[in-house]
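>>> A structural model of the following input is requested.
(one chain, ligands or ions: 1)
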Amino acid sequence: MKKQKQSESRKQRRSEGKSVPINGGAPGPKTIRLEKRNAYICPKCKRISLIVYIDEGVTPMYLMCTHGICEGMAISFMHALPPCLLMNPDIKPTHEWYRPGKIERGMLKPGELEHVDKGGLMLRERTSSEPVILTVQTRGQ
Ligand SMILES: [Zn+2]
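Numbers count the residues shown, from 1 in each chain. Presented below is the predicted three-dimensional model:
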(Lines give C-alpha, C1' and ligand atoms only; values in the text may rest on other atoms or scores of the structure.)
Protein backbone atom coordinates (compact mmCIF):
# COMPACT_ATOMS: atom_id res chain seq x y z
CA MET A 1 0.00 0.00 0.00
CA LYS A 2 2.66 2.43 1.08
CA LYS A 3 4.89 1.39 -1.80
CA GLN A 4 2.21 2.18 -4.34
CA LYS A 5 1.72 5.69 -3.04
CA GLN A 6 5.42 6.43 -3.35
CA SER A 7 5.63 5.35 -6.96
CA GLU A 8 2.56 7.43 -7.75
CA SER A 9 4.06 10.59 -6.37
CA ARG A 10 7.31 9.90 -8.19
CA LYS A 11 5.43 9.61 -11.47
CA GLN A 12 3.66 12.86 -10.76
CA ARG A 13 6.90 14.69 -10.11
CA ARG A 14 8.37 13.46 -13.37
CA SER A 15 5.41 14.73 -15.36
CA GLU A 16 5.96 18.21 -13.99
CA GLY A 17 9.34 18.34 -15.69
CA LYS A 18 12.68 18.86 -14.09
CA SER A 19 13.42 22.44 -13.14
CA VAL A 20 17.00 23.52 -12.95
CA PRO A 21 17.72 26.25 -10.44
CA ILE A 22 19.80 29.00 -12.03
CA ASN A 23 22.03 29.29 -8.98
CA GLY A 24 23.04 25.63 -9.34
CA GLY A 25 20.85 24.66 -6.43
CA ALA A 26 23.39 25.65 -3.82
CA PRO A 27 22.72 28.79 -1.82
CA GLY A 28 25.80 28.38 0.35
CA PRO A 29 29.51 27.90 -0.30
CA LYS A 30 30.42 24.77 -2.25
CA THR A 31 33.61 22.77 -2.42
CA ILE A 32 34.82 22.00 -5.93
CA ARG A 33 37.47 19.39 -6.60
CA LEU A 34 39.77 20.26 -9.51
CA GLU A 35 42.77 18.61 -11.11
CA LYS A 36 45.88 20.69 -10.61
CA ARG A 37 46.65 21.93 -14.12
CA ASN A 38 48.76 24.51 -15.84
CA ALA A 39 49.06 25.48 -19.47
CA TYR A 40 51.75 26.90 -21.73
CA ILE A 41 51.16 28.91 -24.87
CA CYS A 42 53.55 28.76 -27.79
CA PRO A 43 54.22 32.12 -29.51
CA LYS A 44 55.29 30.33 -32.71
CA CYS A 45 52.35 27.98 -33.46
CA LYS A 46 49.88 29.69 -31.05
CA ARG A 47 48.89 26.33 -29.60
CA ILE A 48 48.33 25.55 -25.94
CA SER A 49 49.89 22.69 -24.02
CA LEU A 50 47.63 21.65 -21.16
CA ILE A 51 49.49 19.80 -18.41
CA VAL A 52 48.25 18.08 -15.27
CA TYR A 53 50.27 17.50 -12.09
CA ILE A 54 50.52 13.98 -10.70
CA ASP A 55 53.13 15.10 -8.14
CA GLU A 56 53.79 18.39 -6.40
CA GLY A 57 56.97 20.22 -7.33
CA VAL A 58 58.69 22.99 -9.21
CA THR A 59 57.98 23.56 -12.91
CA PRO A 60 59.63 25.92 -15.40
CA MET A 61 58.40 29.21 -16.83
CA TYR A 62 59.28 28.14 -20.38
CA LEU A 63 58.74 24.82 -22.06
CA MET A 64 59.69 23.40 -25.45
CA CYS A 65 56.41 23.37 -27.42
CA THR A 66 54.77 19.96 -27.12
CA HIS A 67 53.20 20.16 -30.58
CA GLY A 68 55.18 18.08 -33.04
CA ILE A 69 58.10 19.70 -34.79
CA CYS A 70 57.25 23.30 -33.82
CA GLU A 71 60.29 23.84 -31.54
CA GLY A 72 58.86 27.11 -30.20
CA MET A 73 59.39 28.09 -26.58
CA ALA A 74 56.00 28.04 -24.88
CA ILE A 75 55.41 30.32 -21.91
CA SER A 76 53.54 29.43 -18.73
CA PHE A 77 50.05 30.71 -17.88
CA MET A 78 51.42 30.86 -14.30
CA HIS A 79 48.42 28.80 -13.11
CA ALA A 80 45.99 31.57 -14.14
CA LEU A 81 43.96 29.31 -16.40
CA PRO A 82 40.61 30.29 -17.90
CA PRO A 83 37.83 28.09 -16.41
CA CYS A 84 37.39 26.09 -19.64
CA LEU A 85 40.97 24.80 -19.40
CA LEU A 86 40.64 24.19 -15.68
CA MET A 87 37.23 22.60 -15.34
CA ASN A 88 35.88 21.33 -18.66
CA PRO A 89 36.11 17.52 -18.48
CA ASP A 90 36.11 17.38 -22.30
CA ILE A 91 39.37 19.31 -22.47
CA LYS A 92 41.98 16.84 -21.32
CA PRO A 93 45.65 17.45 -20.53
CA THR A 94 48.00 15.80 -23.03
CA HIS A 95 51.01 15.79 -20.70
CA GLU A 96 51.78 15.44 -17.01
CA TRP A 97 54.33 16.74 -14.52
CA TYR A 98 55.77 13.91 -12.43
CA ARG A 99 58.55 13.13 -10.00
CA PRO A 100 60.85 10.43 -11.39
CA GLY A 101 61.42 7.29 -9.31
CA LYS A 102 64.81 5.91 -8.23
CA ILE A 103 65.48 3.92 -11.40
CA GLU A 104 64.60 6.77 -13.74
CA ARG A 105 66.70 9.20 -11.72
CA GLY A 106 69.73 7.03 -12.49
CA MET A 107 69.12 7.57 -16.21
CA LEU A 108 68.74 11.35 -16.14
CA LYS A 109 71.22 13.78 -17.65
CA PRO A 110 73.22 15.81 -15.08
CA GLY A 111 71.17 18.97 -15.72
CA GLU A 112 67.90 17.08 -15.35
CA LEU A 113 69.05 15.38 -12.15
CA GLU A 114 70.04 18.73 -10.67
CA HIS A 115 66.56 20.08 -11.53
CA VAL A 116 64.88 17.07 -9.87
CA ASP A 117 67.14 17.28 -6.80
CA LYS A 118 65.98 20.89 -6.36
CA GLY A 119 62.35 19.74 -6.28
CA GLY A 120 61.74 20.01 -10.01
CA LEU A 121 59.29 17.83 -11.89
CA MET A 122 59.72 16.10 -15.24
CA LEU A 123 57.31 16.16 -18.18
CA ARG A 124 55.87 13.18 -20.04
CA GLU A 125 52.78 12.30 -22.08
CA ARG A 126 49.65 11.76 -20.03
CA THR A 127 49.37 8.33 -18.40
CA SER A 128 46.53 6.95 -16.29
CA SER A 129 48.22 8.22 -13.09
CA GLU A 130 45.96 9.92 -10.56
CA PRO A 131 46.22 13.72 -10.73
CA VAL A 132 46.89 16.04 -7.80
CA ILE A 133 43.48 17.32 -6.68
CA LEU A 134 42.90 20.85 -5.46
CA THR A 135 39.81 21.73 -3.46
CA VAL A 136 38.40 25.16 -4.12
CA GLN A 137 35.78 26.80 -1.90
CA THR A 138 33.23 28.93 -3.70
CA ARG A 139 31.77 31.98 -1.99
CA GLY A 140 28.17 30.89 -2.50
CA GLN A 141 25.30 33.20 -3.41
ZN1 LIG B 1 54.47 25.56 -30.95
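
>>> The ion contacts on the chain?
Residues of the chain found near the ion (C-beta under 5 Å from the ion) are 42, 44-45, 65, 67, 70, 72. Backbone N, C-alpha and C define where each C-beta goes, glycine included.

>>> got a markdown table for those, with neighbour count, distance to residue 54 and pLDDT too?
Shown next, in a markdown table, are the residues of the chain next to the ion (neighbours: other C-beta atoms under 10 Å; distance: C-beta to C-beta, whole Å; pLDDT from 0 to 100):
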| residue | neighbour count | distance to residue 54 | pLDDT |
| --- | --- | --- | --- |
| 42 | 20 | 23 | 98 |
| 44 | 12 | 28 | 97 |
| 45 | 15 | 26 | 97 |
| 65 | 21 | 21 | 96 |
| 67 | 17 | 21 | 94 |
| 70 | 15 | 25 | 93 |
| 72 | 18 | 25 | 96 |
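
>>> hey, where'd the strands end up in this protein?
Per DSSP state E, the chain carries strands over the ranges 31-35, 37-41, 48-53, 62-64, 73-76, 95-98, 122-125, 133-137.

>>> Closest one of the residues of the chain next to the ion to residue 127?
Of all the residues of the chain next to the ion, residue 67 has the smallest distance to residue 127: 19.2 Å, by C-beta to C-beta.
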